[in-house]
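Student: Build me a model from this:
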Amino acid sequence: MNNQLKDILEALLFAASEPLSIVELQNLFLLEDRPDKHRVRDYMLQLQKEYLEKPIELVEVASGYRFQVKTKYATWVSRLWEEKPVKYGRALLETLAIVAYQQPATRGEIEDIRGVAVSTNTIRTLMERDWIRVVGYKEVPGKPALYATTATFLDYFNLQTLAELPPLAELMDINLLETGDIQLQLGEQAPTEKNINEESNITRTLN
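Tutor: You can find the predicted model right below:
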């Protein structure tokens, strides 16, 4: 049953269109056959080792585990789709980088760092992509919205937590941000979830 269980988990991850967490994988089994968390995690580690020398890898991101093509094969795999990948402008990428490293941040704070206005369309596009979201409102006149990144953002960049964000200089090596020579007046340290949750002068939104 052990090998069969590992095969089942492997098949589930291959068939899934989104990352699957340990709990989500467990819940796909009937109660009497449900493996415990430690067992599922052990199989994830085994599968990761088995795929080390293959063109596909099993990675853990914020939302769970997923199979994906290794980066060095992306050029060939992308030829399977006729549509060109979406290219994002400098303004949008700068805005995303500022939110990632300074979150939670208001639109005004983003504009102060960039030195130019941030268009409504830029914010809308980032929210439609589910890369940023409103996490509260700052207790200052006008109560501007505070923006932070999402689990989708972490998934897209193969990150489990904000602590894994690279120094800003290394961020330029990430494919999505290679469209311009982006220079921001930001610190090199990535924010943590604790920094966001403990931010003062914030009225939190209710989910």
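
Student: The most centrally placed residue in the chain and I113, how far apart?
Tutor: For the chain, L154 is the residue whose C-alpha lies nearest the centre (CA atoms, centre = their mean; 1.3 Å). Applying CB to CB, to the nearest Å, the value for L154 to I113 is 22 Å. In short, each C-beta sits where N, CA and C put it, glycine included.

Student: cool, I8 as well?
Tutor: Using CB to CB, I8 is found at 48 Å from I113.

Student: One more: P35?
Tutor: For P35 relative to I113 (CB to CB), the value is 47 Å.

Student: Determine the number of other residues adjacent to R34.
Tutor: Residues lying near R34 (other CB atoms under 10 Å) number 13.

Student: If I look at it, what pLDDT would I see?
Tutor: Looking at R34, its pLDDT is 92.

Student: Would you mind listing the residues in contact with it?
Tutor: R34 sits next to 26-27 when contact means CB atoms under 8 Å, 6 or more residues apart in numbering.

Student: likewise L5?
Tutor: Contact analysis of L5 by CB under 8 Å, 6+ apart lists 35, 39, 43.

Student: can you rerun that using 7 Å?
Tutor: Contacts for L5 (CB atoms under 7 Å, 6 or more residues apart in numbering) come out as 35, 43.

Student: Would you verify that it is located in a helix?
Tutor: Yes - judged by DSSP: H, G, I helix; E, B strand; the rest coil, L5 forms part of a helix.

Student: gap between it and W81?
Tutor: 34 Å.

Student: Please parse this protein into its domains.
Tutor: 2-71, 90-204 (automatic domain parsing).

Student: between the ones you listed, which one is nearest to V77?
Tutor: Among those, domain 2-71 comes nearest to V77, with 5.0 Å by CB to CB.

Student: And the closest residue to Q26 other than its chain neighbours, how far from L28?
Tutor: Ranked by CB to CB, 6 or more residues apart in numbering and with sequence neighbours excluded, the top spatial neighbour of Q26 is R34, at 5.4 Å. The gap separating R34 from L28 is 9 Å, by CB to CB.

Student: again with P141
Tutor: From P141 to L28 the distance is 50 Å (CB to CB).

Student: Tell me which of those two has more neighbours.
Tutor: A direct count of neighbours by other CB under 10 Å for P141 and L28 places L28 higher, at 12 against 6.

Student: Could you double-check that the more buried one sits in contact with L12?
Tutor: Yes - counting by CB atoms under 7 Å, L12 is a contact partner of L28 at 6.0 Å.

Student: What is the neighbour count of E50?
Tutor: Neighbour tally, E50, other CB under 10 Å: 12.

Student: can you check S17 too?
Tutor: S17 is flanked by 6 other residues according to other CB under 10 Å.

Student: What of K6?
Tutor: For K6, the neighbour count with other CB under 10 Å is 19.

Student: check contacts around it.
Tutor: Contacts for K6 (CB under 7 Å, 6+ apart) come out as 43, 46-47.

Student: Low-confidence ranges, this protein, go.
Tutor: Counting by pLDDT under 70, the ranges of the chain that qualify are 1-2, 83-86, 168-207.

Student: Could I get the full set of strands for it?
Tutor: Secondary structure of the chain by DSSP state E: the strands cover 56-61, 64-69, 105-106, 132-138, 145-149, 202-204.
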